[in-house]
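J.: Sequence and predicted model, in that order:
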Amino acid sequence: MTTHIGANKGDIADKVLLPGDPLRAKFIAENFLEDAVCYNEVRGMYGYTGTYKGERVSVQGTGMGVPSISIYVNELMDAYDVQKLVRVGSCGAIQEDVNVRDVILANTSSTDSSMNRATFGEVDFAPSADFTLLRNAYDAGVKKNLNLHVGNVFTSDQFYRDNAKEFNQKLADYNVLAIEMETSALYTLAAKYNRQALTVLTVSDHILTGEETTSEERQTTFTDMMEIALDAVIQD
Ligand SMILES: O=P(O)(O)O[C@H]1O[C@H](CO)[C@@H](O)[C@H]1O
Ligand SMILES: O=c1cc[nH]c(=O)[nH]1
C-alpha cells in the first residue's frame, strides 16, 4: 500500500497505461483487458490489472495536471517497481494540420510546470519519450492507418489561461502540436527512475477552430489510442 494506491506489491503489472480520467481506466479495463481486477479505488482513482494478448498489463488513472500524475507515477515506480508507462490522454491541438480525433505521439514535452525548475534551477531539462515505446506505438499506428503525428507537446499548468490566444500562437509558431497537462512530469520521472515512458494523445478539441468532443467521447471512444498504447507496451 502507498499513500494513494491501495494495492499490494504484485497486484500491479510492470507495464501500466495511464489515463488522466479514472473512468477511462475503467473503460480500458472493461473493454481491452481479460480477467481485469480492480486494485485501487482510493480517491476514486481506479486502477485495474488484467491481461492483454496474454501479457499482464495494468491501467491506472492519474488525475489532471503535473502534481496529480507525479504522485501516481512516483508511487508506481518507487513502490510497485513499474517499468513501462504509457499515458493515454486527451489534448487540444494548435496546428492547422492536426485534426480532432487524430493521434499524437509526444517525442518530447515543453512545460510551464515549476517541477523541473525546482530540481534543475537555471538548466532547462528536456523531458523525452522512450524511443522503443515510441517506435512500437508508431508502427502500431501506421498498421491501423491512423492520422498520426509525432512531435513536441506542451504540458500546461493551466487549462484556463488569461493570455491564451497569444500564448498558444507562440507555441504554434515553434511547432508545438498540442496542449495537455501531464507529459513533462511523466518523462522526467521516467528519466529519474530509469524507466520507459511514452505519451499517446487523442486530439479532443481544436484550440484554433473551437471544434470539440463530448466528455463521454473522451472517456470511452478514443479506442485507437488505447490499442496502440497496449500494443506498444507489451512489445520489447
Ligand atoms: O484526458 P486526460 O488524460 O485527463 O488529459 C487531458 O485532459 C485534462 C484536461 O481536460 C488534462 O488532464 C489533460 O492533460
Ligand atoms: O489539457 C488540455 C486537454 C484538452 N484540451 C486542452 O485544451 N487542454
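T.: All right, it came through fine. Numbering: from 1, shown residues only. Ligands and ions are numbered 1, 2, ... in the order given.

J.: Any idea how many residues pack against the closest residue to ligand 1 within the chain?
T.: At 2.1 Å from ligand 1, Gly20 is the closest residue in the chain, using Cβ to the nearest ligand atom. Backbone N, C-alpha and C define where each C-beta goes, glycine included. Neighbourhood size, Gly20 [other Cβ atoms under 10 Å]: 21.

J.: next one: Ala164
T.: 14.

J.: and if you look at Arg135?
T.: 15.

J.: ok, back up a step: right, and the residue of the chain closest to ligand 1 touches Thr183 too?
T.: No - Gly20 lies out of contact with Thr183 (Cβ atoms under 8 Å); the separation is 10.7 Å.

J.: list residues touching both of those two?
T.: Arg87, Gly89 (Cβ atoms under 8 Å, 6 or more residues apart in numbering).

J.: partner residues bridging Leu198?
T.: Val86 (DSSP bridges).

J.: list the contacts for the spatially most distant residue from the centre of the chain?
T.: Here the chain reaches farthest from its C-alpha mean at Glu122, the gap being 26.6 Å by Cα atoms, centre = their mean. Shown here is Glu122, which makes no contacts under the criterion Cβ under 8 Å, 6+ apart.

J.: in a helix, that's where it is, yeah?
T.: No - Glu122 is assigned coil when assessed by DSSP: H, G, I helix; E, B strand; the rest coil, not a helix.

J.: if I look at it, how far off is Arg43?
T.: Separation of Glu122 from Arg43 (Cβ to Cβ, to the nearest Å): 36 Å.

J.: that older thread, let me know the helix or strand that the residue of the chain closest to ligand 1 is in.
T.: Here Gly20 sits in a region with no helix or strand, counting by DSSP states H and E.

J.: Could you report the distance from the most centrally placed residue in the chain to ligand 2?
T.: In the chain, the residue lying closest to the centroid (Cα atoms, centre = their mean) is Arg87, at 2.2 Å. Counting by Cβ to the nearest ligand atom, to the nearest Å, the gap from Arg87 to ligand 2 is 12 Å.

J.: Many thanks, I have nothing further to ask.
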